[in-house]
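Undergrad: Build me a model from this:
(3 chains)
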Amino acid sequence: MSFRLNDRQQEAVQATEGPVLVIAGAGSGKTRVLTERIAYLVQEKGIHPYNILAFTFTNRAAREMRERLEQSSPGISERLWVGTFHATGVKILRSHGREIGVSDRFTIYDADDSLDLIKDILSRQGLHGQLIRSPRAIRDQISRWKNDLMTPDLVASGVTDNLKKRIVSVYREYERALARANALDFDDLIARVVELFSVHSQAKDHFARRFQYVLVDEFQDTNPIQMALIDALASYHKNLFVVGDDDQSIYSWRGAKVDHILNFEDLYSGTRVVRLEQNYRSTQMILDAANHVIAHNKGRKGKNLWTDGDRGEKVGLIVSMDEETEAMNMLNTVNTLVTDGHQLRDIAVLYRTNAQSRALEDVLKLGGLPYQIIGAVRFYERMEVRDILAYCKLLVNPADNISLKRILNVPRRALGKTTYENLSVMAGKNNVSIMEILKTGVSGLGTAQIKRCAEFVKLFTDLEGVAAREEAPAVIQAVLDETKYRDYLRDGFPDSDSRVENVDELVTAAEIFTETSEDRSLRAFLEEIALVADIDTWDEVQGQLTLMTLHNAKGLEFDCVIIAGVEEGLVPHYNSLDKQEDLEEERRLFYVGMTRARKRLFLSYANMRRRMGIIEGGSPSRFLYEVPEECLDGSIASDENLLFAETDSDGTAGRPMRFFEGRPRAATQKREFEDYSQEEVYYTVGMRVIHNDFGKGVVRRVEGAGENLRVTVIFDGGGERKFLAHYAPMRPMN
DNA sequence: TGGTAGAGGCTTTTT
DNA sequence: GCCTCTACCA
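TA: Next comes the predicted model:
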């Protein structure tokens, strides 16, 4: 990037008063604008950092902004509030939560804790298995309601069907259980602040007056509850500065609304709009490719990125037979790039789903290439780490029934399911926590159980003593020692070595935490790790290849980017084929991936892929065809039988828009498929077919082989059906 | 209560 | 294809 700000950037930095909307294209220097603006406010306008609040999307982005500010103006970041919505919510609730009945010792439930709680409620209500939706789906529904500011009462008023009613009752009970356990879930960290502000205007006034300037990064990915928080905080001074790019909105599934950015000017009158379209990151070739792809979206403000830098090399195309071959081809590509003088740490492989990392990982291990995966199996989600953390959470907040449930019988102490259920019922009857029941004396159980419970209470009270005296690392160490947890791992798990390593790693993490934090308590440590995302721990300094999802890559950039699995079914994903909005979000996701690249971009797809254990035929993503041919190095499926046809003339998005005539793969790529029977490749995803009973349709999935070859078809007349291809009166259309 | 085998779900993305 | 949960038996 050039040293001086360009005129647009300058304008954004200096437009300090009133609402400002910055439409910042990928690579247009928005992070720089944000930090320069804060520095400008402090240095030129004499604003105290205490009066400035900035929201970032990740903790990592917050840390980076702090570091940059420290470089240009030392000391500035100390009293400044920069953080994610969630971290900021926690801060506010710790100091003011009491006013709405939130104790300052509340526990944060992450997504898995929430899930455990929902399962607990379902089994208590005897609903397990009765609700069509899985606990996971119920959790996600509840989360969406919360993010839309819908309380159980509000939801209930509009619900008539029985299934929904039952889900609402789970929602209601979920909220009660959270309150009883003195716990807040992720969504509460924001929602409860909004509640606080609406119930206690003094609290709202306090913060609204304090924050003279509010800045929001990645504004396109804010959801209604976050918007409500922003609006409240900026309500007094009205100096709201938001930066975003509607083309990079990729979190609608988390409740984010692009409308917030599209309608910002209507929401805040007198908004000044600044557009940043000059790109300082990528070559013109990469920008051309990306611009053409995103131009296919209808719901956007429209922009065109340009650079006065190099034209650059064409976008590489990697075509492979299956995912293993794809992985090997990518390894080769990476090796070539390294030979060309690129560093491993400047190369990233991006993919749509975490599951795709597996094949890659295997090959990279074989190839001896150092790599780091962001987000595959999260450290803090590992079973053994969660066990120890459950002990810790319980020590900080004994009312946390879900954590108690997790560890009551871990390691084994003969306090199993039945005992837990009995205790749970007793606690419910007396309206106290399960720990309370345990401590005040258990009745109605056998003498053996009563004795075991007493032993558990003794163990826990001892640990409480340690927790009262010691800092986080010592407490965790005590938990490990006194529960003999390492022995439990060694005795019962074949892979105990890495598990023991993980719990030791947790102690190390706590030690590192105490070295850098003022508050060294266990509570502070738990709070810190509850909010870390995988991307926050990413270490870009090491000489390693980086692997991550397209979502995780938001806000990052690399010299070289390889996007894997650019296929129908992955990008765009199966679950997003049916609705136009979903499809456009997939396109934005692909666009985000493309625009991460500074110098070299590679797009890769495979003709076959194993998905959930089943081999499926894949076809190149429709998005690939949206990249201009002159930008591509190589051509997509050099297959003469490949036909181009738009099947969505009626506006129904979601049907693959291209199809193969006849049996292209079997006929022309026979050599590659010698190992497979012809039937396996006879139907391909995206192929047009005609069925005697149901008429015309499009193949959505192909699974199995031979007589078991199953084909899922979406029919033009609506409806999706699965057939055994061998027996169904169906054939490909010509 | 604990162990095991089999069933069933899952894999879209995450603070 | 893998992981988690459940049901059933010891």
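Undergrad: contacts and neighbour counts: CA atoms only from here.
TA: Noted.
Undergrad: Not counting the top helix by length along chain A itself, show me its contacts.
TA: Using DSSP state H to define each element, chain A has its longest helix at helix A:447-469. Helix A:447-469 is touched from outside by A:395, A:408, A:413-415, A:419, A:438-439, A:442-443, A:474-475, A:478-479, A:482-483, A:522, with contacts defined as C-alpha atoms under 8 Å, 6 or more residues apart in numbering.
Undergrad: ok, of those, which come out buried?
TA: Burial by neighbour count, judged by 16 or more other C-alpha atoms under 10 Å, picks out A:395, A:408, A:415, A:419, A:438, A:442, A:474-475, A:478-479, A:483, A:522 from the contacts of helix A:447-469.
Undergrad: Minimum pLDDT in the residues you listed, which residue is that?
TA: Comparing pLDDT over these, the lowest score belongs to A:Val442 (73).
Undergrad: Give me the spatial nearest neighbour of that residue, chain neighbours excluded.
TA: Nearest residue to A:Val442 in three dimensions, chain neighbours excluded: A:Ile450, at 6.3 Å (C-alpha to C-alpha, 6 or more residues apart in numbering).
Undergrad: if I look at that neighbour, how far off is A:Arg272?
TA: From A:Ile450 over to A:Arg272 the distance is 69 Å, taken as C-alpha to C-alpha, to the nearest Å.
Undergrad: What is the neighbour count of the closest residue to DNA strand C within the stretch 251-400 of chain A?
TA: Closest to DNA strand C within the stretch 251-400 of chain A is A:Met383: 7.0 Å, counting by C-alpha to the nearest atom of the strand. Neighbourhood size, A:Met383 [other C-alpha atoms under 10 Å]: 13.
Undergrad: picking up where we left off before, can you report how many residues lie near the residue nearest to A:Val442?
TA: 18.
Undergrad: of the contacts of helix A:447-469, list those near DNA strand B.
TA: Taking C-alpha under 7 Å from any atom of the strand as the test, DNA strand B is in contact with A:413-415, A:419 out of the contacts of helix A:447-469.
Undergrad: could I get these as TSV with distance to DNA strand C?
TA: Formatted as TSV, these follow (distance: C-alpha to the nearest atom of the strand, whole Å):
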residue	distance to DNA strand C
A:Arg413	15
A:Ala414	12
A:Leu415	14
A:Thr419	14
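Undergrad: Show only the entries of those found in helices.
TA: Those of those lying in helices (DSSP H): A:Thr419.
Undergrad: which two in the ones next to DNA strand B among the contacts of helix A:447-469 are spaced the farthest apart?
TA: Using C-alpha to C-alpha, the two most remote members of those are A:Arg413 and A:Thr419, lying 11.2 Å apart.
Undergrad: re the thing from before, nearest to DNA strand B, of the ones next to DNA strand B among the contacts of helix A:447-469?
TA: A:Ala414 (3.0 Å).
Undergrad: so what's the closest one up against?
TA: Here A:Ala414 is in contact with A:449, A:452 (criterion: C-alpha under 8 Å, 6+ apart).
Undergrad: Phi, psi for it please.
TA: phi 60, psi 30 (degrees, to the nearest 10).
Undergrad: Which pLDDT value belongs to it?
TA: In the prediction, the pLDDT value recorded for A:Ala414 is 84.
Undergrad: Next one: A:Glu527 from DNA strand B, what distance?
TA: Counting by C-alpha to the nearest atom of the strand, to the nearest Å, the gap from A:Glu527 to DNA strand B is 12 Å.
Undergrad: measure that residue to A:Lys696 for me?
TA: The spacing between A:Glu527 and A:Lys696, counted by C-alpha to C-alpha, is 56 Å.
Undergrad: What of A:Glu629?
TA: From A:Glu629 to A:Lys696 the distance is 31 Å (C-alpha to C-alpha).
Undergrad: who has more neighbours, these two?
TA: A:Lys696 (19 against 15).
Undergrad: Return the backbone torsion pair for the closest residue to A:Tyr109 other than its chain neighbours.
TA: Excluding the flanking residues, the one nearest A:Tyr109 by C-alpha to C-alpha, 6+ apart is A:Asp185, at 4.6 Å. Per-residue torsions, A:Asp185: phi -90, psi 180 (degrees, to the nearest 10).
Undergrad: A:Asp185 contacts A:Asp110, correct?
TA: Yes: A:Asp185 lies in contact with A:Asp110 (C-alpha atoms under 8 Å); the separation is 6.1 Å.
Undergrad: ok, the two, which is more surrounded?
TA: Neighbours per residue (other C-alpha under 10 Å) separate A:Asp185 from A:Asp110, with A:Asp185 holding more: 18 against 15.
Undergrad: got a pLDDT number for that one?
TA: A:Asp185 is given a pLDDT of 92.
Undergrad: how much space is there between it and DNA strand C?
TA: 18 Å.
Undergrad: per-residue pLDDT, the residue located most distally from the centre of chain A?
TA: Residue distances from the centre of chain A (C-alpha atoms, centre = their mean) peak at A:Thr447, which lies 47.9 Å from the mean C-alpha position. At A:Thr447, the predicted lDDT confidence score is 79.
Undergrad: contacting residues around A:Ile108?
TA: Listed by C-alpha under 8 Å, 6+ apart, the contact partners of A:Ile108 are A:183-186, A:527, A:530.
Undergrad: give me the residue from chain A nearest DNA strand C.
TA: Going by C-alpha to the nearest atom of the strand, DNA strand C is nearest to A:Gly613 of chain A, at 3.7 Å.
Undergrad: Pull up the gap between that residue and A:Ala355, please.
TA: 11 Å.
Undergrad: A:Asp140 now?
TA: For A:Asp140, the distance to A:Ala355 (C-alpha to C-alpha) stands at 20 Å.
Undergrad: same check, this time on A:Phe207
TA: Taking C-alpha to C-alpha as the measure, A:Phe207 falls 43 Å from A:Ala355.
Undergrad: how long is stretch A:70-89 from one end to the other?
TA: End residues of stretch A:70-89 are separated by 24 Å (C-alpha to C-alpha).
Undergrad: actually stretch A:46-62, not the one I typed
TA: Using C-alpha to C-alpha, the end-to-end distance of stretch A:46-62 comes out at 22 Å.
Undergrad: And that stretch, what's buried?
TA: A:47, A:49-62.
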